[in-house]
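Colleague: Make a model of this:
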Amino acid sequence: MATGILVDYEWCTGCHSCEVACGVEMTHAGFPQGHCGVKVHEEGLYWIGPDKATDIFMPIFTDLCDICAVRRAQGEELPTCVKHCQAHVLKFGEVSELAADLERKPKQVLYAL
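Modeller: Numbers count the residues shown, from 1 in each chain. Below is the predicted model of the structure:
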């Protein structure tokens, strides 16, 4: 079965914990420092009303993401980005189950990895 990561970007704070954790994990896996399987994109501040502004952050998974295959083969349940997400906006699981969650709530993105 295919696995993936569901991102609830409505609540992402842009803390970059997922990116930092992934960078450390990838360095341990032998990748050069600075390479990462997830990068946080900041859309920038914009106004959604006369007195209300918002900022959108979006974790984007790169081609380097293998959902921490080595880490999970060693018994870890979650990819490091999901484990270390401070806002708990990343959810790991089977794509079919994550797709059901996606249908229940807008402002999410499903990455089948």
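Colleague: And the strands in this protein?
Modeller: Secondary structure of the chain by DSSP state E: the strands cover 3-7, 38-49, 52-61, 90-94, 109-112.
Colleague: if I pick the residue of the chain most remote from its centre, what's in contact with it?
Modeller: Relative to the centre of the chain, the most outlying C-alpha is that of P50, 31.4 Å out, by CA atoms, centre = their mean. Applying CB atoms under 8 Å, 6 or more residues apart in numbering to P50 gives no contacts. Where you see a C-beta, it was placed from the backbone N, CA and C, and this is true even at glycine.
Colleague: How about the one 5 residues further on?
Modeller: For D55, the contacting residues are G14, E42, E43, G44, L45, Y46, by CB under 8 Å, 6+ apart.
Colleague: Apply the buried test to these and list what passes.
Modeller: Those of those that meet the buried threshold are G14, by 16 or more other CB atoms under 10 Å.
Colleague: wait, which of the contacts of D55 is closest to G93?
Modeller: Of all those, G93 sits closest to G14, with 23.7 Å by CB to CB.
Colleague: could you give the angle of the longest helix seen in the chain to strand 52-61?
Modeller: When the chain is scanned for its longest helix (criterion: DSSP state H), the result is helix 17-28. Relative orientation of helix 17-28 versus strand 52-61 (axes from the mean of the first three to the mean of the last three CA atoms, to 10 degrees): 20 degrees.
Colleague: list the helices and strands helix 17-28 packs on?
Modeller: With contacts defined as 3 or more CB pairs under 8 Å, 6 or more residues apart in numbering; DSSP states H and E, helix 17-28 has these neighbours: strand 38-49, helix 80-84.
Colleague: TSV for these, including distance to Q74 and mean pLDDT?
Modeller: Converted to TSV, the helices and strands packed on helix 17-28 look like this (distance: least, CB to CB, whole Å; pLDDT from 0 to 100):
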stretch	distance to Q74	mean pLDDT
strand 38-49	20	90
helix 80-84	12	98
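Colleague: just to revisit the earlier point, from the contacts of D55, which is closest to A112?
Modeller: So of these, ranked by how close each gets to A112 (CB to CB), first place is E43, at 22.9 Å.
Colleague: Just give the nearest non-adjacent residue to that closest one, would you?
Modeller: In space, not counting the residues next to it along the chain, E43 is nearest to I56; the distance is 4.0 Å by CB to CB, 6 or more residues apart in numbering.
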